[in-house]
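Enquirer: Please find the sequence and the predicted model below.
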Amino acid sequence: MAKSPAIRKTADKPRSTPSTTPSPDTQRGNGDELQQQAGGDHPVMTTQLGIPIADNQNSLRDTPRGPTLLEDFILREKITHFDHERIPERIVHARGTAAHGYFELTESLAEFTTARVLTEVGVQTPVFTRFSTVAGGAGSVDTPRDVRGFAVKLYTQEGNWDIVGNNIPVFFIQDAMKFPDLVHAVKMEPDRGYPQAGSAHDTFWDFVSLMPETLHMVMWAMSDRTIPRSLRMIEGFGVHSFRLVNAEGKSTFVKFHWRPKLGIQSTVWDEAVKLQAADNDYHRRDLFEAIEAGNYPEWDFAVQLFTEEDAAKFPFDHLDATKLIPEELVPLRTIGRMVLNRWPDNFFAETEQVAYCPANVPPGVDFSNDPLLQGRLFSYLDTQLSRLGGPNFAQIPVNAPKCPFHNMQRDGHMQMQVPKGRVNYEPSSLQGDTPRASLAQGFKHFAERPADDGAKGRVRAESFADHYSQARMFFRSQSEVEQAHMASAIVFELSKVATVHVREAVVGHLQHVDAALAQRVADGLGMDALPPAPAAAVQPQDMPLSPALRIIDRMKPTLEGRCVGLLVDDGSNAKSVATFKKAVEKAGATVKIVAPKVGGAKMDDGSRLPADGQLAGTPSTVFDAVASILSTEMGNKLSREAAAVDWFRDAFGHLKAIGACPGSQAIVQAAGIEPDAGVMDPKDSKAFIAAAQTRQWDREPKVRTLA
Ligand code: HDD
């Protein structure tokens, strides 16, 4: 056996302590031997500076049992680098998941903008899209009740364009001045360091109760939008009004929308809670598996276009980010699509180091005066300086533009470029190839009329004063089921708030949103009397309802992109399994086999069907619908197995279709399931597929009491 250099050295110079016997670690082999064992054509491992390494198992020791030598530059380099592997996580949106893909324009907006990415139909622009939760840290779970970030970096031929949005079209606050307060209030409380990743605590609701402008977004946050089934099934919104500017310098306001091809789909709250235990990485894994399987998620890109004159007629101020423009008022125009088709090679290098900034826009796109957007234009560049450690973060491959770029910015920490020549200033006359500004091609800021609406000051426009009308419109536009979910979500969250006056103040505000909602929440909290409504700066108006804001009606009745769990055990009928699998896969879903043992089950024809998941570690929460094909003997046996009983009980409680074979009846009974239209024999694959395309909303009153 080859010995490490340290052992060889000791052997050359024997000490009183016998030391030539290799330690268990050195027995694992080193250097060339490991190289051979692993097979393949491995490059020789080196230090960062290219010095070949002979032994990556043992540090350099003075004697085999003596101290480690400071001289060991290989050990020192390795440990030092490791000690500095982490960078500060994002202040918000720390937990994220991203993928590469492309954007393709299908309809030109040449009438409205000069931006090539919005005028060159058919051109594919590379994108890097990162989804995130907001409140939790980088290591938190994927399925808390939380807003999802939806940030798209388009590497256009005229520079990077970042649409840094959320899956909700409005925001909690109107002015960037309040952002640090909002974030402090929602993140874990500073003295106790919890709760992680959730808004159900006193400080968040205290802030809400004192800032009625949050009410509209609070209604969205309490809706099922914040407990999505999959990142592939969420909408994205640019939130603010931006401008498009055409060749004549004319501006048109625009709102950006991403619409998932698979339709929007959410979980139910009990399911989201249980998913946190079942799989912390549920959304990340789902996106990874879909892309790896070639089921590339896709979104339509749509715009709402309107003029200054149109805006003047809206019964709200579109510069106020707590307001949305109902699509019944300004229709959506689909002009492109985004496909995510490549998983990042390296999480840290790409997903962690990507730096978005709403100020990154190509010529032909410009900003509005939304005061929240104006603050963001500053904040993102600033945060990257401490997060990524200096002014050269744009050179990190995921952040670098894919079009040519030239300027006179020089030096700084981690400079990767080696500019040539003596000219690093402009104007200059010493070199012929230095970059110059171009009036013709350069970014032209929209030449806005000077404001004539009052004097300079720290003010909030009066047109921002109505905090309740759109909250009311959103709530009342929802289906009955969604309204019940929202009322229950508010009751759940406020039940976690220990301070009574905060609970009361929030219910007081709800009276302005919808008196019946306030009463339902008060009842759900066990209040004897309805707390008084606070004075409203502007009396809420009844706006026309917007059914387009619902989820349930707009859920696509499809199995595309969905996943069905099939429970089998020894003795399951091989033919039935194959027939069921084929039918469900043909309908577009993935089928995953679940069995008590990961090695799978021995079918009745003697073949072995490997499992994708072991029953105890693969609860039904991770599936859209479930089925079982079991022998009566195994069904009876599993009816005494909590994991199997919960599998069915939870699927029933989460309103999923259940294809329970006759052999599973003992488990179904143990789970207390009263069969309904969503429970059938998996032999009837047609009925199963029809039921699995949606949730069994009629079942809900039977399984839980909603507020
Ligand atoms: Fe923000 C990150 C979305 C208001 C300051 N924000 C961040 C991300 C998203 C959003 C998706 C994560 C980007 C990524 O994946 O890396 N933020 C929004 C939306 C807002 C919003 C839709 C309102 C419409 N944000 C907002 C305000 C400020 C910030 C008003 C500050 C004045 N946001 C930040 C930040 C972050 C950030 C602190 C943290 C990490 C980062 O920027 O890169 O600068």
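Expert: Yes, it's here.

Enquirer: Distance-wise, check residue 498 relative to residue 296.
Expert: To residue 296, residue 498 is 46 Å away according to Cβ to Cβ, to the nearest Å. All C-beta spots, glycine's among them, are computed from the backbone N, C-alpha and C.

Enquirer: which one of those two has more residues nearby?
Expert: Using other Cβ atoms under 10 Å, the more surrounded residue of residue 498 and residue 296 is residue 296, with 16 against 9.

Enquirer: backbone phi and psi for the residue nearest to that one when sequence neighbours are not counted, please?
Expert: Computed as Cβ to Cβ, 6 or more residues apart in numbering, the closest residue to residue 296 that is not its neighbour in sequence is residue 341, at 4.4 Å. Backbone torsions for residue 341, taken as degrees, to the nearest 10, come to phi -130, psi 10.

Enquirer: Run through the residues that contact residue 341.
Expert: For residue 341, the contacting residues are 99-102, 291, 296, by Cβ atoms under 8 Å, 6 or more residues apart in numbering.

Enquirer: likewise residue 195?
Expert: 188-189, 201, 496.

Enquirer: and if we set it to 7 Å?
Expert: 188, 201 (Cβ atoms under 7 Å, 6 or more residues apart in numbering).

Enquirer: how does the chain divide up, domain by domain?
Expert: When the chain is parsed with automatic domain parsing, its domains come out as 25-83, 96-208+215-395, 468-553, 558-703.

Enquirer: now those domains in CSV, with distance to the ligand and mean pLDDT?
Expert: Below are these laid out as CSV (distance: least, Cβ to the nearest ligand atom, whole Å; pLDDT from 0 to 100):
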stretch, distance to the ligand, mean pLDDT
domain 25-83, 24, 86
domain 96-208+215-395, 3, 98
domain 468-553, 15, 97
domain 558-703, 23, 97
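
Enquirer: closest to residue 449 out of the ones you listed?
Expert: If you check each of the domains of the chain against residue 449 by Cβ to Cβ, domain 96-208+215-395 wins as the nearest, at 9.1 Å.

Enquirer: Can you tell me which of the domains of the chain is nearest to residue 441?
Expert: domain 96-208+215-395 (7.5 Å).

Enquirer: Please state the offset of the closest one from the chain centre?
Expert: In terms of Cα atoms, centre = their mean, to the nearest Å, the centre of domain 96-208+215-395 is set 9 Å apart from its chain centre.

Enquirer: now swap in stretch 480-497 and tell me
Expert: Offset of stretch 480-497 from its chain centre (Cα atoms, centre = their mean): 23 Å.

Enquirer: got the buried residues for that stretch?
Expert: 481-494, 497 (16 or more other Cβ atoms under 10 Å).

Enquirer: now do stretch 280-291
Expert: In stretch 280-291, counting by 16+ other Cβ under 10 Å, buried: 280, 282-284, 286-287, 290-291.

Enquirer: Stretch 297-306 now?
Expert: Across stretch 297-306, burial judged by 16+ other Cβ under 10 Å covers 297-306.

Enquirer: ok, back up a step: okay, and which of the buried residues of stretch 280-291 map to helices?
Expert: 282-284, 286-287, 290-291 (DSSP state H).

Enquirer: of all these, which comes closest to residue 456?
Expert: residue 283 (45.3 Å).

Enquirer: was I right about that closest one contacting residue 144?
Expert: No: in this structure, residue 283 is not within contact of residue 144 by Cβ atoms under 7 Å, at 10.9 Å.

Enquirer: Run a quick check on residue 217 versus residue 168, I expect a contact.
Expert: Yes: assessed by Cβ under 7 Å, residue 217 is found in contact with residue 168 at 6.4 Å.
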